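Colleague: Provide a 3D model corresponding to the input given below.
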Amino acid sequence: MEEKKIASKEVKMNAEKPEKLSYEKLEEVCMQLSQQNKQMEEYIQKCHAQMQQMSQTIQTKRMDYLFKAVELQDNFKSDFIVACCDEIQQALTVPEEGKEE
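Modeller: Numbering: from 1, shown residues only. All right, here's what the predicted structure looks like:
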């Protein structure tokens, strides 16, 4: 009975020890990780580009709605229309070079 316990402990200890990899195997693993890293970088760049495009689309759509609200100003409170006009003006104003806020 004790022999089985000792044998099972040895198996557990062997399972806990990490297997030492050969130089060739390490090199292979590094190449795989490098390829995965490149794929992830490409994926991240693609997602970033999509997010920028979506952000621009949202901003354009928002401007459409702001102009529509100003066009139909009789249907909104004057404070809201003033805020819409301010936002439109701010979005359409090109900041002067050399002048930082």
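Colleague: Sticking with residue 35, tell me its helix or strand.
Modeller: For residue 35, the element it lies in under DSSP states H and E is helix 23-71.
Colleague: helices or strands up against the helix or strand that comes right after that helix?
Modeller: Toward the C-terminal end, the helix or strand that comes next after helix 23-71 (DSSP H and E) is helix 78-92. In terms of contacts (3 or more CB pairs under 8 Å, 6 or more residues apart in numbering; DSSP states H and E), helix 78-92 is packed against helix 23-71. The C-beta positions use only the backbone N, C-alpha and C, and glycine is treated the same way.
Colleague: The helix it packs on versus helix 78-92: what angle between them?
Modeller: Helix 23-71 and helix 78-92 meet at an angle of 130 degrees, taking axes from the mean of the first three to the mean of the last three CA atoms, to 10 degrees as the criterion.
Colleague: Return the distance of helix 23-71 from the chain's centre.
Modeller: Averaging C-alpha coordinates over helix 23-71 and over its chain gives two centres that are 6 Å apart (CA atoms, centre = their mean, to the nearest Å).
Colleague: number of nearby residues for residue 84?
Modeller: The number of residues packed around residue 84, counting by other CB atoms under 10 Å, is 18.
Colleague: what's the pLDDT at it?
Modeller: Here the pLDDT value assigned to residue 84 is 95.
Colleague: surely it meets residue 66?
Modeller: Yes: proximity of residue 84 to residue 66 meets the contact threshold set by CB atoms under 8 Å, at 4.7 Å.
Colleague: if we can go back for a sec, same question for the helix holding residue 35, mean pLDDT?
Modeller: When pLDDT is averaged along helix 23-71, the result is 96.
Colleague: Give me the helices and strands touching that helix, please.
Modeller: Under the contact criterion of 3+ CB pairs under 8 Å, 6+ apart, the helices and strands touching helix 23-71 comprise helix 78-92.
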